[in-house]
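Asks: Turn this into a model:
(one chain, ligands or ions: 1)
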Amino acid sequence: MAEKCSRCRKASVVNLPYVNQSLCGDCFVKFFERRVKRTIRKNELLGPKDKIAVALSGGKDSMTVLTILQSLSYKAPASELFAIIIDEGVPGYRDELIKRGAKYCEELGVDYHIFSFKKELGMTIMDMAKKAEKRGVDMLPCSYCGVFRRQLLNQKARELGATKIATGHNLDDECETAMMNLFKGDVCSIARAGATVGVVKNKLFVPRIKPLRDTPEDEVLLYTKLKKIPAIKGTCPYSRDSFRTAVSKVIVELEKKYPGMHYQILASLDELIPILKEHYSKSKWEARVCGCGEVSSQETCKFCQMKTALGLD
Ligand code: SF4
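Replies: Coordinates of the predicted model:
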């Protein structure tokens, strides 16, 4: 016999061992949305006059962020919401995600803007990967793709007047990234984590917010199914982040054995981040402006370094 919902006694659809509850679809949706709103409130992610750019990929996480922020925009009519979609140029992967994302924006009545690597950088990620191979550049496509995407997002959001960029990073992403940085000895990058990204404020840098930071990835998937959000899972042929996969497997195994492990990592992070931010903002992290006009921690920003390595400048 199906387990009953711990709250209303209907048939449950999910068991959440870390809170010792089983929930039916309706109670889960309420539980899920309340938690995201709590993340937003607790971290003051939204102000009444904010203009939010959702970094929309068409996948489950960013489509969920868009759904929830759009529902909240009725309560803060002075705030604005739009989406930015970056097209890296991976046929058979990004095309369908972009189509879904754009269509969903239209259904919700949210404006969206698509910017492509091809138009902005002169080449798709596929062309870049070929060029990198020819030039003997020893980097995985994700290394430069991520840098280009982040920079384009920041630049376009700023040009469009956004005060914040909302990304779809969930609890699993946050824990994986923190543990990866810890294993790599990159403590400064841990300082940049948190519900709002960054160590120091700079007017060239549009703050990035993560409304799903307290939300487990598998629950985002269930939410999209229950709410019939038309997100799809695509796998980029260049995706080979084996280190992330390895770290993720360890945390998932620990979560199975010790429910609540992700939240324990997050709680430790939340203790550490303010201390690290304070330390790095005073000592090691200095905001500079690169020759291209973008903010950077080094004299030449990573975007320009990658462009030079690939011969794009
Ligand atoms: Fe870019 Fe890597 Fe994502 Fe593919 S998997 S879109 S190469 S960051």
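
Asks: C-terminal to the strand ranked longest in the chain, which secondary structure element comes first?
Replies: Counting residues, the longest strand found in the chain (DSSP state E) is strand 80-87. Sequence order places helix 94-108 as the next helix or strand after strand 80-87, per DSSP states H and E.

Asks: Now do that next one and strand 80-87, the angle between them.
Replies: Here the directions of helix 94-108 and strand 80-87 differ by 160 degrees (axes from the mean of the first three to the mean of the last three CA atoms, to 10 degrees).

Asks: Please tell me how far the helix or strand following helix 94-108 is from the chain's geometric centre.
Replies: Toward the C-terminus, helix 94-108 is succeeded by strand 111-116 as the next helix or strand (DSSP H and E). Distance of strand 111-116 from its chain centroid, counting by CA atoms, centre = their mean, to the nearest Å, is 17 Å.

Asks: So which elements touch strand 111-116?
Replies: Here strand 111-116 touches strand 80-87, helix 94-108, helix 141-159, going by 3 or more CB pairs under 8 Å, 6 or more residues apart in numbering; DSSP states H and E. (Glycine included, C-beta is placed from N, CA and C.)

Asks: So what touches that strand?
Replies: Here strand 111-116 makes contact (CB atoms under 8 Å, 6 or more residues apart in numbering) with 56, 82-89, 98, 101-102, 105, 124, 152, 156, 160.

Asks: among these, which are within reach of the ligand?
Replies: Counting by CB under 6 Å from any ligand atom, Glu88 from these sit close to the ligand.

Asks: Type out the ChimeraX command that picks the buried ones from the contacts of strand 111-116.
Replies: Applying 16 or more other CB atoms under 10 Å to the contacts of strand 111-116, the buried members can be selected in ChimeraX as follows:
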select :56,82,83,84,85,86,87,88,89,98,101,102,105,124,152,156
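
Asks: Could I get the average pLDDT for the lengthiest helix in the chain?
Replies: When the chain is parsed with DSSP state H, its longest helix is helix 261-282. Averaged across helix 261-282, pLDDT comes to 90.

Asks: what's around Leu204, how many residues?
Replies: 14 (other CB atoms under 10 Å).

Asks: Not counting residues beside it along the chain, what's closest to Glu217?
Replies: Asp172 (4.1 Å; CB to CB, 6 or more residues apart in numbering).

Asks: how much space is there between the one you found and Ser189?
Replies: In this structure, Asp172 and Ser189 are 17 Å apart, going by CB to CB, to the nearest Å.

Asks: Who has more neighbours out of those two?
Replies: Comparing Asp172 with Ser189 by other CB under 10 Å, the one with more neighbours is Asp172, at 21 against 17.

Asks: From Val29, how far out is the more buried one?
Replies: Distance, Asp172 to Val29, by CB to CB: 20 Å.
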